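1. with the input below, show me the fold.
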Amino acid sequence: MDTTTAQPSAGTSGVEERRETLTVIDNRTGRRYELPIADGTIRGADLRQIKASDDDLGLLLYDPGYADVAACKSAITYLDGDRGILQYRGYPIEQLAERSTYLEVAYLLIHGELPTKEQLDRWTYEITMHTFVHENVKSFMQGFRHDAHPMGMLLGAVGALSTFYPDAKAIDDPEVRYLQVVRLIAKMPTLAAFAYRHSRGQPYVYPDNELSYPGNFLSMMYKMSELRYRPDPRLERALDVLFILHADHEQNCSTSAVRWVASSRPDPYSAVAAGVAALYGPLHGGANEAVLRMLKRIERKENIRDFLKGVEEGRERLMGFGHRVYKNYDPRARIIKQAAEDVMEVVGRRNPLLDVAMELEKIALEDEYFISRKLYPNVDFYSGIIYEALGLPVEMFPVMFAIGRTAGWVANWLEQVEDEEQRIARPRQIYTGERDRTYIPIEERG
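-> Now for the predicted structure:
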């Protein structure tokens, strides 16, 4: 957009021809500005021309958390939080979760279209052939303490991959970029399983290339003395659905971290490691752990109404409800709820927390207090119950999240490095500190 077209003009006239512009009148100077509107946005740079004086730097947007700033253009994920819509490349998440596999969805996110059978077979083969990691990675992982957090181990291991693949720095080469995408999607489950086995004091299990993507991960996690691990197809499918639901979610904290680091043009392993680091935070990847703790505190269905009363009075916090973006029922929550039922059937025991969760959801969705505040269950509300049913410690919950999100991270990384409009991320600040102070020798201070 040519910002020179947004010139100040004197005064105001009568009815003008409708244009895609925003008229701003600066009450400090009385000057009027017309800012071009494109895709429902104005350019932040267009605000800089609005000055109170010649030596003024111009207006800046102040937006902590960047909740109302669009930092990029993307064709990957469409999200309408008010209507509860989530689409990958235009395909509803409900259809993909019902009919697709994670690797097919990963192909869609990367390439922009669903694959043909031949393309999917080739893609699956490429991913499968890159699941192994260099033997030195095992030594690297073994260097962590026995009680190291699996997410911290994953963070270090992903970043370390850049030293194993120095060719990854050639990000202007399309073939090199594609190879790193394949490597990251293929190796993330291996690194995650190694982190889990290390935390359990168990030997690492190599990938089994005859298994599916989720089946191979289950094998690397749980295989013991048996010659061949054969995962239950229902568990494979439940895990596949979880990975699909977590594959991408627009410009969330971790995806934005990947893009911001990518803006300085390092290798993709360094950028994705930034995503893992962001996901490590309890406000992002640790949300389902908070739900699990809440359900354990409630303990029984009979205690739900007292708990919800405490929420209304400000004494308790309702975890897993509401979302920064969604103001309607998170479409992923409906799907994952069924996946939780399927996992319970496989493990042969029904986690009583699932019954507590379902009753809590039912009561809350009939309560005007929560309805008026548009508090609906999100994807974290049931995912922790599934992970616990699989025998995973809470420390592994964000690791599971990271495996599925890898496809979205690398899709956004590709889009970022190929976008000619993007520059190195460099936000401005509002300085609030002291100025123009004179240095005082230490012997003269205080």
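
2. next, the buried residues of the helix or strand where Ala402 lies.
-> Using DSSP states H and E, Ala402 falls within helix 397-418. By 16 or more other Cβ atoms under 10 Å, the buried positions in helix 397-418 come out as 397-417. All C-beta atoms are positioned from the backbone trio N, CA, C, and that covers glycine.

3. go on, stretch 56-70?
-> Residues Leu59 are the ones in stretch 56-70 that count as buried (16+ other Cβ under 10 Å).

4. starting at the chain centroid, how far to it?
-> 23 Å (Cα atoms, centre = their mean, to the nearest Å).

5. kindly report the same for stretch 352-367.
-> Computed by Cα atoms, centre = their mean, the chain-centroid distance of stretch 352-367 equals 26 Å.

6. state the mean pLDDT of stretch 279-287.
-> For stretch 279-287, mean pLDDT is 86.

7. with only the CA atoms kept, save that stretch in CSV.
-> Coordinates of each C-alpha in stretch 279-287 appear next as CSV, following Å, rounded to 0.1, in the frame of the first residue of the first chain:
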residue,chain,number,x,y,z
LEU,A,279,4.4,-23.6,24.4
TYR,A,280,6.4,-24.5,27.6
GLY,A,281,4.6,-21.6,29.4
PRO,A,282,1.7,-22.6,31.7
LEU,A,283,-0.6,-20.0,30.0
HIS,A,284,-0.2,-21.8,26.6
GLY,A,285,0.8,-25.4,26.6
GLY,A,286,0.1,-26.0,30.3
ALA,A,287,-3.6,-25.2,30.2
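
8. let's verify Pro231: helix, strand, or coil?
-> coil (DSSP: H, G, I helix; E, B strand; the rest coil).

9. compute the number of surrounding residues for it.
-> 22 (other Cβ atoms under 10 Å).

10. hang on, isn't it packed against Leu211?
-> Yes - with contact defined as Cβ atoms under 8 Å, Pro231 reaches Leu211; the gap is 7.1 Å.

11. so which helix or strand takes in the nearest residue to Ala339 once chain neighbours are set aside?
-> Nearest residue to Ala339, sequence neighbours excluded (Cβ to Cβ, 6 or more residues apart in numbering): Ala238, at 4.5 Å. In the assignment (DSSP H and E), Ala238 maps to helix 233-246.

12. tell me the gap between that helix and the middle of its chain.
-> Put simply, helix 233-246 sits 17 Å off its chain's centre (Cα atoms, centre = their mean).

13. let me see the mean pLDDT of the helix holding Ala402.
-> For helix 397-418, mean pLDDT rounds to 96.

14. that helix vs helix 233-246, what angle?
-> On the basis of axes from the mean of the first three to the mean of the last three Cα atoms, to 10 degrees, helix 397-418 is oriented at 50 degrees to helix 233-246.

15. by contact count, what packs against helix 397-418?
-> Contact analysis of helix 397-418 by 3 or more Cβ pairs under 8 Å, 6 or more residues apart in numbering; DSSP states H and E lists helix 102-111, helix 150-164, helix 174-199, helix 233-246, helix 253-262, helix 268-279, helix 287-298, helix 380-389 as its packing neighbours.

16. of all the ones you listed, which lies closest to Thr131?
-> helix 174-199 (4.8 Å; Cβ to Cβ).

17. buried ones in that closest one, by neighbour count?
-> Buried-residue list, helix 174-199, by 16+ other Cβ under 10 Å: 176-177, 179-199.

18. redo the helices and strands packed on helix 397-418 as TSV? Include distance to Thr41.
-> Output for those, formatted as TSV (distance: least, Cβ to Cβ, whole Å):
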stretch	distance to Thr41
helix 102-111	24
helix 150-164	33
helix 174-199	28
helix 233-246	28
helix 253-262	17
helix 268-279	24
helix 287-298	29
helix 380-389	30
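
19. weakest of these by average pLDDT?
-> If you rank the helices and strands packed on helix 397-418 by mean pLDDT, helix 380-389 sits at the bottom with a mean of 82.

20. so which of the helices and strands packed on helix 397-418 is nearest Phe321?
-> helix 380-389 (6.9 Å).

21. and that closest one with helix 233-246, angle?
-> With the same axes, to 10 degrees applied, the angle from helix 380-389 to helix 233-246 works out at 140 degrees.

22. and Arg83, which of the helices and strands packed on helix 397-418 is closest to it?
-> Nearest of the helices and strands packed on helix 397-418 to Arg83, taken as Cβ to Cβ: helix 233-246 at 17.9 Å.

23. so what does that closest one touch, helix or strand wise?
-> Helices and strands touching helix 233-246, by 3+ Cβ pairs under 8 Å, 6+ apart, are helix 93-99, helix 102-111, helix 213-222, helix 331-347, helix 380-389, helix 397-418.

24. in it, which residues are buried?
-> For helix 233-246, using 16+ other Cβ under 10 Å, the buried residues are Leu235, Glu236, Arg237, Ala238, Leu239, Asp240, Val241, Leu242, Phe243, Ile244, Leu245, His246.

25. what sits against the first one?
-> Translated: Leu235. Going by Cβ atoms under 8 Å, 6 or more residues apart in numbering, Leu235 touches Pro214, Leu218, Val343, Val346, Leu390.

26. per-residue pLDDT, the second one?
-> The predicted local distance difference test score for Leu218 is 96.

27. look up how far Pro266 lies from the spatially closest residue to it that is not a sequence neighbour.
-> Nearest residue to Leu218 in three dimensions, chain neighbours excluded: Pro231, at 4.3 Å (Cβ to Cβ, 6+ apart). According to Cβ to Cβ, to the nearest Å, Pro231 and Pro266 sit 36 Å apart.

28. ditto for Ile386
-> Distance of Ile386 to Pro266, given as Cβ to Cβ: 34 Å.

29. ok, now Asp172?
-> Distance, Asp172 to Pro266, by Cβ to Cβ: 13 Å.

30. give me the more crowded residue out of these two.
-> Set Asp172 next to Pro266 and count neighbours by other Cβ under 10 Å: Pro266 wins out with 16 against 10.
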